[in-house]
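> need a structure here:
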Amino acid sequence: MTRILGIDPGSRITGFGIIEADERGVSYVASGCIRLGDGELGGRLRELFISMGELLTRYTPNEVAIERVFMHSNVATALKLGQARGVALCAVAMHMHPVFEYSPNEVKKAVAGQGRATKEQIQMMTQIRLKLAGLPQVDAADALAIAMCHAQMRAWRNKVGAA
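Reported below is the predicted structural model:
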């Protein structure tokens, strides 16, 4: 059984999702959001680093999956997102976990079957595939979807490697 941490980075809210995967499929472990508030960026990034370290220590994932950087129409937003992503990656590196990156379209295609799936469709498919009692919060659903995408790609790579 492989434990996977999915991360949907953000400078105000970072979603996380933890699943376990094996040859039979995936199962839910935990998910949530690291809410960083409205303070100055440096303080929010510090809080993100500390919170990520606590998550990694508490849940001890074997692998980490994170959303790949994509082009954003607002340059300032893209820079803040990149900084949050860098802080999350640094926290992961401190714990020496392998990191895998997936584009938003790869994640949507793996979870919902199409690269143009909406946030609501990702929430619904995450709920269905992980047999959750209710819809996960949007950022947590995105993080769980990233983890499920990695589990699917990991299974595919294992099958191809065995062939």
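> contacts and neighbour counts: CA atoms only from here.
OK.
> In the protein, mark out all the strands, start to finish.
2-8, 13-22, 25-35, 63-67, 99-102 (DSSP state E).
> helices and strands around the first one, which ones?
For strand 2-8, the contact count by 3 or more CA pairs under 8 Å, 6 or more residues apart in numbering; DSSP states H and E identifies strand 13-22, strand 63-67, helix 138-162 as packing neighbours.
> Just name the most buried of the strands of the chain.
strand 2-8 (a mean of 26; mean count of other CA atoms under 10 Å).
> what does that one contact?
14-22, 60-67, 139-140, 142-147, 150-151 (CA atoms under 8 Å, 6 or more residues apart in numbering).
> Apply 6 Å and report the result again.
14-21, 61-66, 143-144, 146-147 (CA atoms under 6 Å, 6 or more residues apart in numbering).
> Next: stretch 11-28.
1-8, 29-37, 80-81, 84, 130, 139-140, 143-144.
> what about stretch 94-104, distance to the chain center?
How far stretch 94-104 lies from its chain's middle: 9 Å, per CA atoms, centre = their mean, to the nearest Å.
> Please report how far residue 8 lies from residue 24.
Distance, residue 8 to residue 24, by CA to CA, to the nearest Å: 25 Å.
> Residue 83 versus residue 41, what's the distance?
Distance from residue 41 to residue 83, by CA to CA: 9 Å.
> Repeat that for residue 7.
From residue 7 to residue 83 the distance is 14 Å (CA to CA).
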